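**Q** How does the following fold in three dimensions:
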Amino acid sequence: MAGQPHIYSGQGFSLLRDKNRFVLPNALRTTVRESSGKDVICLAKHSEWKCLVGFGLSRVADFEAQLDAEQARADAAQRPFNRDKRAMQLYTFTPTPFDTSGRFVMPEALASLANIQDQLYFQGVGRFFTIWNPEELYKLADDPEMEGVIATCCSFADAELARAKKK
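**A** Okay, the predicted model is just below:
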């Protein structure tokens, strides 16, 4: 339905492939394509975790409303809020093309910020999805709220690595 936010649900895993490309999982690719109106994923550094976020271009239209809401919450809680700093975080994203099979090249600057090497785990979280180097995700093992996400990542990694060994 027009005007409704695009929701990213599901998970996926990708190994670095030929021509230095990863593959955006089909579960997320369709939503990105619908949101962007073309084969472009927006990639940015997560504001707290050592991972990236991905989303489609339509989400950018919601940034000002998001900033307003964050400002209102901060004001109500009498907490400081630097709107310019937060706006820089939101608007600092890299539009990255992908092909019909979901293959894309990870921008080098973003890869270094999230310590991305040769494996990616994708986790839908609603208005965007996270993209992890699995080793960075595993560092959160002491957080019981991340237990299910880590277990899912391990399962996806094991399956993908087993498939790669068979080739």
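
**Q** Can you give me the buried ones in stretch 74-86?
**A** Arg86 (16 or more other CB atoms under 10 Å). Quick note: C-beta positions are derived from backbone N, CA and C, even for glycine.

**Q** what does it contact?
**A** Leu67, Glu70, Gln71 (CB atoms under 8 Å, 6 or more residues apart in numbering).

**Q** Give me the mean pLDDT for it.
**A** Mean pLDDT, stretch 74-86: 96.

**Q** Just checking the distance from that stretch to the centre of its chain.
**A** With CA atoms, centre = their mean, to the nearest Å as the basis, stretch 74-86 stands 24 Å off its chain's centre.

**Q** Quick one: residues contacting the residue lying closest to Gly37 once chain neighbours are set aside.
**A** Leaving aside its chain neighbours, Gly37 sits nearest to Leu57 (6.8 Å; criterion: CB to CB, 6 or more residues apart in numbering). Contacts for Leu57 (CB under 8 Å, 6+ apart) come out as Ser35, Ser36, Gly37, Val40, Cys42, Pro95.

**Q** confidence score at the second one?
**A** pLDDT, the model's per-residue confidence, is 96 for Ser36.

**Q** What are the phi and psi values at it?
**A** Main-chain dihedrals, Ser36, degrees, to the nearest 10: phi -90, psi -20.

**Q** Hmm, it is touching Arg59, no?
**A** No: if you go by CB atoms under 8 Å, Ser36 and Arg59 don't touch, sitting 9.3 Å apart.

**Q** Now do Pro97: how many residues are near it, please.
**A** Number of residues near Pro97 (other CB atoms under 10 Å) recorded here: 12.
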